[in-house]
Structures are given as C-alpha cells and as structure tokens.
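Engineer: please work out how this folds:
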Amino acid sequence: MEQNINTRTEFQPVNKNKEKLKYAIKHGLMLAGSLILFDLIMYIFDLSGLGMFFGFFVLLVSLALYFSFFIGGGRKYRNQLHNGYINYSRAFVFCLSMAVVMVIVLTIYYFLFYYFFDPERATNEAQKAIEVISENQYIPDDEKENIIGKMLENTKPVNIMVRSLINNTITSVILAAISALFVRRKEKITEVL
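Structural biologist: Model (predicted):
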C-alpha cells in the first residue's frame with residue numbers, strides 16, 4: 001500500500017506593511033522612551049544651570065539617541081524583512097514612521113508633564129533665560145521687553161505642546177533622512193547572478 005504524502009508547504013507572503021508598522025512602533029516607542037528618560041534625568045538633577053556646555057552636551061546625547069535608534073531599528077528592519085537589502089526610499093519611510101510614533105509620544109509627554117506634573121518648570125526655565133537676556137548689553141531695551149514677553153507667552157502647556165510638535169517633527173524628518181543613508185544597502189549585481 002502506497003501513501004501519498006504531500007510535502008509541499010504553502011508559501012505565505014509576509015505582509016511587509018504590517019511588519020514595518022510593528023517595527024516602527026516598537027523602535028519609535030523605544031526612542032521616545034529614551035528621550036523622555038533623558039529629559040527626566042535632566043529635570044531630577046536640575047542640570048539646566050550649567051550654561052553653554054550643558055546645551056552642547058544635551059545636543060550630543062540627543063543626536064546619539066536619535067541616530068542609534070533610527071539606524072539600529074532601520075538595520076534590524078532591513079535585515080529581517082528585506083533580506084539585508086533596502087533602497088533609500090524604503091529606509092527613509094521606515095525611519096519616518098518611527099519618527100511619527102516618537103513625535104506623538106513626546107508631544108503627549110510634554111503636554112502632560114507641563115500641564116499636570118510641573119506647570120512651573122517652563123516658567124522657571126524662562127526666568128533663567130530672562131535673567132541672561134536682561135544682563136545682555138548688546139540687546140536694545142525695547143527689544144528685550146519684546147523677547148521676554150514672547151518667552152513668558154510660550155510657557156503655557158498648549159504652546160509647549162505645539163512647539164514640541166513642530167520642533168520634533170522638523171528634527172525627526174531631517175535626522176530620518178540622514179539615518180536612511182546608513183540603513184540602505186543596495187544589492188550587488190554579482191550577488192543577484
């Protein structure tokens with residue numbers, strides 16, 4: 001008696017858009033979480049009074065976080081779903097998807113933080129900046145009042161949320177475009193043949 005065993009397995013294509021979304025959400029949340037953690041560390045240790053060096057340090061750490069998550073997440077996505085090869089436009093769209101998740105989470109965080117947790121934080125930071133502006137001899141007095149008025153207006157939680165949304169979106173798009181250059185990998189013709 002002969003048995004006919006079907007050894008054929010059916011090929012089930014991977015829904016790459018769904019998988020891309022999973023990777024983008026996961027890595028976008030990790031990036032947002034690391035930026036929130038960094039902000040909370042700065043808040044707890046009150047490092048804002050360290051001057052220009054501190055601003056440079058914050059910039060370097062923030063850029064390192066952005067690039068490490070964009071490039072690391074993009075390469076993982078490329079290697080696991082695209083067999084190690086991805087063109088620039090797909091890499092950019094993936095990094096941009098991560099950025100959208102991160103921007104949404106950070107905007108919500110800033111609104112909640114400045115509205116519920118510490119509404120006076122923005123005012124305190126503005127006061128430090130106002131002191132620096134007031135002592136600056138090179139800014140005319142009438143212009144100082146204008147600058148100080150705008151700074152105090154921007155301490156409202158809604159204004160902070162809008163400013164965060166705009167700044168994080170612009171920064172994320174630029175850094176996603178740069179990161180996509182490091183994520184992309186073209187197939188070599190010799191490997192295809």
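
Engineer: next, give phi and psi for the closest residue to N87 other than its chain neighbours.
Structural biologist: If you skip the residues right next to it in sequence, N87 has R184 as its closest partner in space, 6.0 Å away by C-beta to C-beta, 6 or more residues apart in numbering. All C-beta spots, glycine's among them, are computed from the backbone N, C-alpha and C. Reported as degrees, to the nearest 10, the phi and psi values for R184 are phi -60, psi 150.

Engineer: distance-wise, check R184 relative to L35.
Structural biologist: Distance check for R184 against L35: by C-beta to C-beta, to the nearest Å, it reads 25 Å.

Engineer: so who does G84 touch?
Structural biologist: Applying C-beta atoms under 8 Å, 6 or more residues apart in numbering, one finds that G84 lies in contact with 78, 185.

Engineer: pLDDT at it, what is it?
Structural biologist: According to the prediction, G84 has pLDDT 82.

Engineer: any weak-confidence spans in this structure?
Structural biologist: By pLDDT under 70, the low-scoring segments of the chain are 1-15, 47-52, 189-193.

Engineer: now do the helices in it.
Structural biologist: Assigned helices in the chain, in chain order: 16-45, 52-81, 88-112, 120-135, 141-153, 157-183, 189-192 (criterion: DSSP state H).

Engineer: now for the first one, which elements pack on it?
Structural biologist: So the one you mean is helix 16-45. Packed against helix 16-45 by the contact rule (3 or more C-beta pairs under 8 Å, 6 or more residues apart in numbering; DSSP states H and E) you find helix 52-81, helix 88-112.

Engineer: quick one: contacts for R163?
Structural biologist: By C-beta under 8 Å, 6+ apart, the residues touching R163 are N154.

Engineer: how close does it get to E153?
Structural biologist: Taking C-beta to C-beta as the criterion, R163 is separated from E153 by 11 Å.

Engineer: and for G33?
Structural biologist: In this view, G33 and E153 are 30 Å apart by C-beta to C-beta.

Engineer: looking at those two, which has the bigger crowd around it?
Structural biologist: Under the neighbour definition other C-beta atoms under 10 Å, G33 and E153 were set side by side, and G33 has more, 15 against 10.

Engineer: next one: that one relative to H27, how far apart?
Structural biologist: 10 Å.

Engineer: on that earlier part again, what's the closest of the helices and strands packed on helix 16-45 to A122?
Structural biologist: helix 88-112 (9.6 Å; C-beta to C-beta).

Engineer: tell me what the closest one is packed against?
Structural biologist: Helix 88-112 is packed against helix 16-45, helix 52-81, helix 157-183, with contacts defined by 3+ C-beta pairs under 8 Å, 6+ apart.
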